[in-house]
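J.: below: sequence and its predicted model.
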Amino acid sequence: MDTKLHEIFEKLLQFNQTDQLQTQQAQLEALLNQIKDEMQILTQDTHFGKDQHYLQQFQRIADAKRRLDLVNAKMLKIQSRVDLIEKRFIKLSQ
């Protein structure tokens, strides 16, 4: 039992002494930097930039349509109120 524990602790010490974790961390960091650089290149690419521009324009159009729909709904409410007032006025004037 003691020899097995001793072996386990030896392996843990050897693992901690190796730079494997630091190497993996450095590789991961390099990969993340590479991905970041490629994304910057993509955003500067004309096709991707045009797509972004078109997406922004579509978003603006969708926002304007939503606002227009809200205004139309409010106008319909106002028109229905005006119609009720006209009906009441006609009844009172008769």
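T.: Okay, I see it.

J.: all helices of this structure, in order?
T.: Using DSSP state H, the helices of the chain run over residues 2-17, 20-44, 46-93.

J.: export those helices to CSV and append columns for mean pLDDT and mean neighbour count.
T.: The C-beta positions use only the backbone N, C-alpha and C, and glycine is treated the same way. Listed next are those as CSV, based on pLDDT from 0 to 100; neighbours: other Cβ atoms under 10 Å:
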stretch, mean pLDDT, mean neighbour count
helix 2-17, 65, 9
helix 20-44, 73, 10
helix 46-93, 85, 10
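
J.: can you list the domains in this structure?
T.: 1-44, 46-94 (automatic domain parsing).

J.: ok, residue 83 to residue 90 distance?
T.: 11 Å (Cβ to Cβ, to the nearest Å).

J.: swap in residue 34?
T.: 76 Å.

J.: go on, residue 36?
T.: 71 Å.

J.: cool, and residue 40?
T.: Counting by Cβ to Cβ - residue 40 and residue 90 are separated by 69 Å.

J.: same question, residue 59
T.: 47 Å.

J.: now do residue 80
T.: For residue 80 relative to residue 90 (Cβ to Cβ), the value is 16 Å.

J.: and if you look at residue 61?
T.: For residue 61 relative to residue 90 (Cβ to Cβ), the value is 42 Å.

J.: do the same with residue 64
T.: From residue 64 to residue 90 the distance is 38 Å (Cβ to Cβ).

J.: again, but for residue 29
T.: Taken as Cβ to Cβ, the span from residue 29 to residue 90 is 79 Å.

J.: what's the answer for residue 55, then?
T.: 52 Å.

J.: equivalent analysis for residue 71, please.
T.: 28 Å.

J.: same check, this time on residue 67
T.: 35 Å.

J.: same question for residue 81.
T.: For residue 81, the distance to residue 90 - Cβ to Cβ - is 15 Å.

J.: and if you look at residue 74?
T.: From residue 74 to residue 90 the distance is 25 Å (Cβ to Cβ).

J.: for stretch 54-73, output the C-alpha coordinates as PDB.
T.: Written as PDB, here are the backbone C-alpha positions of stretch 54-73 (Å, rounded to 0.1, in the frame of the first residue of the first chain):
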ATOM      1  CA  TYR A  54     -26.400  44.700 -45.600                       C
ATOM      2  CA  LEU A  55     -27.300  43.100 -42.200                       C
ATOM      3  CA  GLN A  56     -27.200  46.500 -40.600                       C
ATOM      4  CA  GLN A  57     -29.400  48.000 -43.300                       C
ATOM      5  CA  PHE A  58     -31.900  45.100 -42.900                       C
ATOM      6  CA  GLN A  59     -31.900  45.700 -39.200                       C
ATOM      7  CA  ARG A  60     -32.600  49.400 -39.600                       C
ATOM      8  CA  ILE A  61     -35.400  48.600 -42.100                       C
ATOM      9  CA  ALA A  62     -36.900  46.100 -39.600                       C
ATOM     10  CA  ASP A  63     -36.700  48.600 -36.800                       C
ATOM     11  CA  ALA A  64     -38.300  51.300 -39.000                       C
ATOM     12  CA  LYS A  65     -41.100  48.800 -39.900                       C
ATOM     13  CA  ARG A  66     -41.700  48.000 -36.200                       C
ATOM     14  CA  ARG A  67     -42.000  51.700 -35.400                       C
ATOM     15  CA  LEU A  68     -44.300  52.200 -38.400                       C
ATOM     16  CA  ASP A  69     -46.500  49.300 -37.200                       C
ATOM     17  CA  LEU A  70     -46.700  50.900 -33.800                       C
ATOM     18  CA  VAL A  71     -47.600  54.300 -35.200                       C
ATOM     19  CA  ASN A  72     -50.300  52.600 -37.500                       C
ATOM     20  CA  ALA A  73     -51.700  50.800 -34.500                       C
END
